[in-house]
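A.B. asks: Need coordinates for the below:
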Amino acid sequence: MIEHCKNRGQQPSFCGRYHVYWLLYFEEYKYINNAIARENEIKGWRREKKRQLLAEMNSELKFLNEEIFGQWPPEELPSRM
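C.D. replies: Here you go, the predicted structure:
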């Protein structure tokens, strides 16, 4: 999320161009392979099924960024490296 936020307003980046840094839904996984498999599974679903999944966890469509990070956007945007 922080990397998406850092790219806001930068046209070459999809996230920057479309301001994709608000979190509505997430799942946690211990292993990256499981997370990638789940992401690919969800990407293959129809829109209605995705909306149903979202409604089960976050029916109010509340942004979850502050819940996860404590403050959004963070005062400091650390890099991954």
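
A.B. asks: contacts, neighbours, all on C-alpha from now
C.D. replies: Fine.

A.B. asks: what does stretch 31-40 rub up against?
C.D. replies: Residues outside stretch 31-40 that contact it (Cα atoms under 8 Å, 6 or more residues apart in numbering): E28, Y29.

A.B. asks: Render the CA-only coordinates of it in CSV, please.
C.D. replies: Provided in CSV are the C-alpha atoms of stretch 31-40 (Å, rounded to 0.1, in the frame of the first residue of the first chain):
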residue,chain,number,x,y,z
TYR,A,31,3.5,-17.8,2.3
ILE,A,32,3.7,-15.6,-0.7
ASN,A,33,2.9,-18.5,-3.1
ASN,A,34,-0.5,-19.0,-1.3
ALA,A,35,-1.2,-15.2,-1.5
ILE,A,36,-0.4,-15.1,-5.2
ALA,A,37,-2.6,-18.2,-5.9
ARG,A,38,-5.5,-16.6,-4.0
GLU,A,39,-5.1,-13.3,-5.9
ASN,A,40,-5.1,-15.1,-9.2
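
A.B. asks: Not including adjacent chain positions, what is the nearest residue to K62?
C.D. replies: Residue nearest to K62 in three dimensions, not counting chain neighbours: L24, with 6.4 Å by Cα to Cα, 6 or more residues apart in numbering.

A.B. asks: cool, and H19?
C.D. replies: Nearest residue to H19, sequence neighbours excluded (Cα to Cα, 6+ apart): R8, at 5.6 Å.
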